[in-house]
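**Q** fold the following for me, if possible:
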Amino acid sequence: TDPKKRWESCNPRKKKKGKKPKGRKKKKGRTPKRVGPFLKTVTINTKVLPEKMSWKILKQKSRKTLCKSRKYDKWYSTIKENVKRCKLSPGVSYILQCLDKFNSGWAGGSITIQGVTYCGESFKFRAGHKLERVFRVKAS
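**A** Numbers count the residues shown, from 1 in each chain. Now for the predicted structure:
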């Protein structure tokens, strides 16, 4: 007799009837891929000591950093900063952290996201190291 048939007769395979093989399981904690159109720019307004100004954008739930500012050095200027790299999706809420190296606020500086200004008047001298605001990206 055929050795393969002999082996199969000694070790029968159990076939599951009526059940289809299961597909790939989703991993827990995995977020769906973000889809565009993403937020493109934010506007930074500097006044005094822009060297101390910085900001971060975080996911609201996990507080994972998605984006950081670059260094600023021009006093009294308006800077359009490209944030496409952050992949901020419309309809999603994020946390904006305005940070100050010297613990004194942004001294009149501000950041504008989709027409809404943050960290300006409420983050003046003697304001501290960090100010957080939640914002939601609007569909463009």
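**Q** state the distance from the residue sitting nearest the centre point of the chain to residue 117.
**A** The centroid of the chain falls nearest to residue 66 when counting by Cα atoms, centre = their mean (3.4 Å). Counting by Cβ to Cβ, to the nearest Å, the separation of residue 66 from residue 117 is 21 Å. (C-beta placed from N, C-alpha, C; glycine too.)
**Q** residue ranges of the strands in the protein, please?
**A** Counting by DSSP state E, one finds strands in the chain at the ranges 41-45, 53-59, 65-68, 78-82, 93-100, 110-113, 116-118, 130-136.
**Q** I figured the residue nearest to the centre of the chain hits residue 86, correct?
**A** Yes - taking contacts as Cβ atoms under 8 Å, residue 66 lies within contact range of residue 86: 5.0 Å.
**Q** find residues that contact each of those two.
**A** Counting by Cβ atoms under 8 Å, 6 or more residues apart in numbering, the shared contacts of residue 66 and residue 86 are residue 57.
**Q** show me where pLDDT drops low in this structure?
**A** Scanning the chain with the threshold set as pLDDT under 70 gives 1-36, 125-126.
**Q** one more time with 90, if that's ok
**A** In the predicted model of the chain, residues 1-37, 48-49, 101-108, 120-131, 139-140 satisfy pLDDT under 90.
**Q** now residue 55. Nearest residue, chain neighbours left out?
**A** Nearest residue to residue 55, sequence neighbours excluded (Cβ to Cβ, 6 or more residues apart in numbering): residue 69, at 4.6 Å.
**Q** how far away is residue 86 from residue 80?
**A** From residue 86 to residue 80 the distance is 14 Å (Cβ to Cβ).
**Q** which of these two has more residues huddled nearby?
**A** residue 86 (19 against 11; other Cβ atoms under 10 Å).
**Q** residues in contact with the residue nearest to the centre of the chain?
**A** Neighbouring residues of residue 66 by Cβ under 8 Å, 6+ apart: 57-59, 86-88, 94.
**Q** ok, 10 Å please
**A** 34, 56-59, 83, 85-88, 94-95 (Cβ atoms under 10 Å, 6 or more residues apart in numbering).
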